[in-house]
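Engineer: Sequence and predicted model, in that order:
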Amino acid sequence: MLQTSRAFKENATSAMANAGLQRALARARPQYAKKRQAAVDRLPEFEALREEAKNIKNHAIANLDFYLETYAANVEKAGGTVHWCATAEDARKAVLEIARRAGAKTVTKGKSMVTEEIGLNDYLEANGVTPVETDLAEYVLQLRHEPPSHIIGPAFHLNREDWEETFRKSHTNLPADRVFRDTRDIQAEARLQLRNKFFAADMGITGANFLIAETGSSVIVTNEGNGDLTQTLPRVHVVVTSIEKVVPTVEDTLSLLRVLARSSTGQDMSVYTTFSTGARRPGDPDGPEEYHVVLVDNGRSGMVGTEFQDMLRCIRCAACMNHCPVYFAVGGHAYGSTYPGPMGSVLTPMLAGVDEAGHLPNASTFCGKCESVCPVKIPLPGLMRHWREREFERHLTPATMRYGLGLWAWFARRPGLYRSATRMAALGLGLLGRKQGNLPRLPFMGGWTKGRDFPAPEGDTFFARYAAAQRQRNIGGRP
Ligand code: SF4
């Protein structure tokens, strides 16, 4: 599978033919939606909370400069250091610089999509620093040299036997007669391997779900506790995160936490919610000696004031992909991007450019489910439509589609002609496909008919039937 958004169509084709992937997706698909719905049903004020969450994020983004400066000032007051990074490269360099100054050779990492976005692991490794992923799924992916395929379930695409095979190949000290019956055996093996790595690490890197301006704290949620060990055991703790994570107050954070876990895993709260404020103070029983925050922009400030500003509300819960029919048909790797699914189809063109990622906003049925489950009410289909418009304006869509749409628009502006033409086309196609009931090939539609037949139209067009129904209604005297 190619890790580039440009290869979406090829990737999607091979993903749909991949039996193992399809098995993993079919297993996961019903779980998340069911759990989310049960969590929502348990909380009558959930809809009101969604509105509140949306307003909190809108307010923070409308005043982003103010809250970021307040946050940075409070981090410094608590003894930490903020590194402002305009680009992914700035961020990679900042982390390496911190590691070099600390003399760090091994770095433990909690799950962080921003570090995936900036390609941190490869960079650190190329510069003599060994990163060790400590989230269970990220750990197995690191052993397999694969990127995550989902933002909260990075190994969504794997089956149990894939985990076992990976451990048998990579853990050279694993006894041959070791049995992996279920998830607990997998967790026990990973714990055994990771325990010493936690103690040996010189530096720990985590992401952040939220940054609190009024206290200068970063907040992460995990279900494994690896985030806590990553940030409290090593001498240096580095938070690598992006600018839109800032919110004004602790109270705002608590409101957002109430919708986050319910939307993502269907839990009322994640198992661990950790607030970190600065380095260890005199008298603290544990904690790092140094605390750094690497704040990444990487194109986000360019979204402020544009039609894509709403996307900055995203709290990375993954509900949109957990309910997306396209995601569950092709899996996360097909998108060729750090961020798959509907949220990635909006965000990736912003980060990588629409020339690079133009396929992604087209990878949607526009069923609208993503918007209806988003805890911060991001109008994802509308934003994808904006990308499609930009793609069209820049002539990046195929010529057949552009001319086809142009022709359709010409007819649509002439209703009488449009009705006659569609009626004639329906009649013609109906005649052509009358024997089989479908058409295996159509001119200019080879891409569509390559994977399925076109159903031959039956009877009259929608317009004709609608007009007939209206006439019938008028005769019957109904309004
Ligand atoms: S777009 Fe909404 S549903 Fe999707 S990850 Fe972000 S917050 Fe969650």
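Structural biologist: That came through, no problem. Bear in mind that the values here come from a model prediction, so they are computed numbers and not experimental data.

Engineer: For the rest of this, base every contact and every neighbour count on C-alpha atoms.
Structural biologist: Fine.

Engineer: Distance of Gln267 relative to Asn223?
Structural biologist: 10 Å (Cα to Cα, to the nearest Å).

Engineer: So for the two, which residue has more residues nearby?
Structural biologist: Neighbours per residue (other Cα atoms under 10 Å) separate Gln267 from Asn223, with Gln267 holding more: 18 against 12.

Engineer: tell me the secondary structure for that one?
Structural biologist: Each residue gets one of three states, and Gln267 gets coil by DSSP: H, G, I helix; E, B strand; the rest coil.

Engineer: Contact partners for the closest residue to it other than its chain neighbours?
Structural biologist: Residue nearest to Gln267 in three dimensions, not counting chain neighbours: Ala261, with 5.3 Å by Cα to Cα, 6 or more residues apart in numbering. By Cα atoms under 8 Å, 6 or more residues apart in numbering, the contact list for Ala261 reads 267-270, 317.

Engineer: just Met113 next, same as before
Structural biologist: Under the contact definition (Cα under 8 Å, 6+ apart), the residues listed for Met113 are 151, 207, 338.

Engineer: Assign a three-state SS to the single nearest residue of the stretch 101-250 of the chain relative to the ligand, would you?
Structural biologist: Using Cα to the nearest ligand atom, the single residue of the stretch 101-250 of the chain nearest to the ligand is Ile151, 8.0 Å away. Recorded secondary structure, Ile151: coil (three-state DSSP).

Engineer: With the one 10 residues further on instead?
Structural biologist: Remark: Glu161 carries the secondary structure label helix [criterion: three-state DSSP].

Engineer: hey, what's in contact with both of Gln267 and Asn223?
Structural biologist: Contacts common to Gln267 and Asn223, judged by Cα under 8 Å, 6+ apart, are absent.

Engineer: just to revisit the earlier point, just the pLDDT for the residue nearest to Gln267.
Structural biologist: In the predicted model, Ala261 carries a pLDDT score of 97.

Engineer: How about Pro457?
Structural biologist: Confidence for Pro457, expressed as pLDDT, is 87.

Engineer: Assumed it was part of a strand.
Structural biologist: No. Assigned with three-state DSSP, Pro457 falls outside any strand and is coil.

Engineer: That one and Gly110: what is the separation?
Structural biologist: With Cα to Cα as the criterion, Pro457 and Gly110 are 55 Å apart.

Engineer: More neighbours: the two, which one.
Structural biologist: Neighbour comparison, Pro457 and Gly110: the larger count goes to Gly110, with 29 against 20 (by other Cα under 10 Å).

Engineer: The more buried one reaches Asp135, doesn't it?
Structural biologist: Yes. With contact defined as Cα atoms under 8 Å, Gly110 and Asp135 form a contacting pair (5.8 Å).

Engineer: lowest-confidence helix or strand of the protein?
Structural biologist: For the chain, the helix or strand with the lowest mean confidence is helix 446-449, at a mean of 78 (criterion: mean pLDDT, DSSP states H and E).

Engineer: Outside of it itself, list whatever touches it.
Structural biologist: When contacts are defined by Cα under 8 Å, 6+ apart, helix 446-449 is touched by residues 440-442.

Engineer: and with 6 Å instead?
Structural biologist: Contacts of helix 446-449 from elsewhere in the structure, counted by Cα atoms under 6 Å, 6 or more residues apart in numbering, are Arg441.

Engineer: could we number from 368 for the rest of this?
Structural biologist: Let's use 368 as the start, then, which means that last one is helix 813-816.

Engineer: tell me the SS of the spatially most central residue of the chain?
Structural biologist: Geometric centre of the chain, nearest residue: Tyr706, 3.9 Å, by Cα atoms, centre = their mean. When classified by three-state DSSP, Tyr706 comes out as coil.

Engineer: residue boundaries of the strands in the stretch 468-617 of the chain?
Structural biologist: 473-476, 497-500, 570-573, 577-579, 584-589, 603-609, 613-614 (DSSP state E, counting those that start in this stretch).

Engineer: Dump these into JSON lines; add mean neighbour count and mean pLDDT as well.
Structural biologist: Shown next, in JSON lines, are those (neighbours: other Cα atoms under 10 Å; pLDDT from 0 to 100):
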{"stretch": "strand 473-476", "mean neighbour count": "26", "mean pLDDT": "96"}
{"stretch": "strand 497-500", "mean neighbour count": "22", "mean pLDDT": "96"}
{"stretch": "strand 570-573", "mean neighbour count": "28", "mean pLDDT": "97"}
{"stretch": "strand 577-579", "mean neighbour count": "27", "mean pLDDT": "98"}
{"stretch": "strand 584-589", "mean neighbour count": "22", "mean pLDDT": "96"}
{"stretch": "strand 603-609", "mean neighbour count": "26", "mean pLDDT": "98"}
{"stretch": "strand 613-614", "mean neighbour count": "26", "mean pLDDT": "98"}
